[in-house]
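Participant: just coords:
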């Protein structure tokens, strides 16, 4: 059994080669005429058996799940009405994602100049130290003033 969605999920080189789980791999539900199938008792929680009954092949489990908006192949229960398209049209529903280099070239502008934030540059040059905050007249951090406890302030 092959899950074609997994093959279409791309790794993002800019994100430590993690999978980009937000990239679509499926076009939608109402593209073409669909047929209906009712899950039997023997097929409960068995997407592979459902797929075998419909298509004569178990390589369309991902298609059945996506088309019926089922996130877990074990969620098919007896009496569920499954919609499906003929095997000859399954490829029309699968989205062929563009290559990463194509997407990157569409999003990146290599001619863009980098703007330098002078405050950040100075902060880094000072070894990430902020200037100290000094009061003109030093005060105790905690003191009693007019029968009240005062923390900080002037």
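Facilitator: Arrived safely, thanks for sending. Computed from a predicted structure; not experimentally measured. Numbers count the residues shown, from 1 in each chain.
Participant: which secondary element of the protein has the worst mean pLDDT?
Facilitator: Here the helix or strand of the chain ranked lowest by mean pLDDT, DSSP states H and E is helix 100-107, holding a mean of 58.
Participant: following it, which helix or strand comes up?
Facilitator: Later in the chain than helix 100-107, the nearest helix or strand by DSSP states H and E is helix 118-125.
Participant: what about that next one, average pLDDT?
Facilitator: Averaged over helix 118-125, pLDDT sits at 80.
Participant: same thing with stretch 35-43?
Facilitator: Stretch 35-43 comes out at a mean pLDDT of 94.
Participant: Check which residues of it are buried.
Facilitator: 37, 39, 43 (16 or more other C-beta atoms under 10 Å). Glycine gets a C-beta too; all of them are placed from N, C-alpha and C.
Participant: those helices in the protein, which residues are they?
Facilitator: Listed from the start of the chain, the chain has helices (DSSP state H) covering 4-8, 47-55, 61-67, 90-93, 100-107, 118-125.
Participant: any low-confidence regions in this structure?
Facilitator: 1-9, 21-32, 96-110, 112, 128-136, 138-139, 153-154 (pLDDT under 70).
Participant: who are the neighbours in contact with residue 71?
Facilitator: Applying C-beta atoms under 8 Å, 6 or more residues apart in numbering, we find residue 71 in contact with residue 65.
Participant: And it, how close does it get to residue 45?
Facilitator: Here residue 71 is placed at a distance of 14 Å from residue 45 (C-beta to C-beta, to the nearest Å).
Participant: From the buried residues of stretch 35-43, pick the one nearest residue 86.
Facilitator: residue 37 (12.2 Å; C-beta to C-beta).
Participant: just checking, that closest one touches residue 80?
Facilitator: No - using C-beta atoms under 8 Å, residue 37 is not in contact with residue 80, being 9.1 Å away.
Participant: Isn't residue 64 up against residue 87?
Facilitator: No - taking contacts as C-beta under 8 Å, residue 64 lies outside contact range of residue 87: 11.2 Å.
Participant: which one of these two has more residues nearby?
Facilitator: residue 64 (23 against 14; other C-beta atoms under 10 Å).
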